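> Sequence first, predicted coordinates after that:
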Amino acid sequence: MQPTRALLGMRYRKLRLTTKDVNKGFYKGTGSGAMGRHTKYGGYKIEWSRVRTYVCPSLEGFKLTPFVTNNMRPTYGVYNDANGPRNPANYLSRWKSENGLD
């Protein structure tokens, strides 16, 4: 007994496995990992040594800013620009006028 020719080809072997490619019992998961364990009473105990912690470096003297302005008022679908809301030149010129930094 040998596997089918299609499964032996180089193209198929380089593709990722899906749940349709293998027998039952294969669980792909999300790659998120567990941060704790289940208790025998049905609860969940977080193990703080396994929780991911992200440390932000010091941003003193950092010239770049996020593309979010603090001066934004709520808008409700009204846009009065002739070139449309998705014109990149208009977006960048407005960004520079409101925030002053690139």
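In hand now; what should we look at? Numbering: from 1, shown residues only.
> elements contacting the top helix by length along the chain?
In the chain, assigned by DSSP state H, the helix with the most residues is helix 88-99. Counting contacts by 3 or more CB pairs under 8 Å, 6 or more residues apart in numbering; DSSP states H and E, helix 88-99 packs against no other helix or strand. All C-beta atoms are positioned from the backbone trio N, CA, C, and that covers glycine.
> what about it, distance to the chain center?
Offset of helix 88-99 from its chain centre (CA atoms, centre = their mean, to the nearest Å): 26 Å.
> now stretch 86-93
So, by CA atoms, centre = their mean, the centroid of stretch 86-93 is 25 Å from its chain's centroid.
> Next: stretch 88-102.
For stretch 88-102, the distance to the chain centre is 26 Å (CA atoms, centre = their mean).
> Equivalent analysis for stretch 42-52, please.
With CA atoms, centre = their mean, you get 23 Å for stretch 42-52.
> Need the distance between the two termini of that stretch.
Its start and end residues considered, stretch 42-52 measures 24 Å (CA to CA, to the nearest Å).
> Quick one: residues in contact with it.
Applying CB atoms under 8 Å, 6 or more residues apart in numbering, the set of residues contacting stretch 42-52 from outside is 33, 34, 35, 36, 37, 38, 39.
> part of a helix, is the fifth one?
Just to be clear, that refers to residue 37. No: if the criterion is DSSP: H, G, I helix; E, B strand; the rest coil, then residue 37 is strand and not within a helix.
> So the nearest residue to it once chain neighbours are set aside: helix, strand or coil?
Spatial nearest neighbour of residue 37, chain neighbours left out: residue 45 (5.6 Å); criterion: CB to CB, 6 or more residues apart in numbering. Put simply, residue 45 is strand when judged by three-state DSSP.
> before we move on, back to that, please name whichever of the contacts of stretch 42-52 scores lowest on pLDDT.
Across the contacts of stretch 42-52, the smallest pLDDT goes to residue 33, namely 83.
> List just the nearest of the contacts of stretch 42-52 to residue 18.
Using CB to CB, residue 33 comes nearest to residue 18 of the contacts of stretch 42-52, at 20.8 Å.
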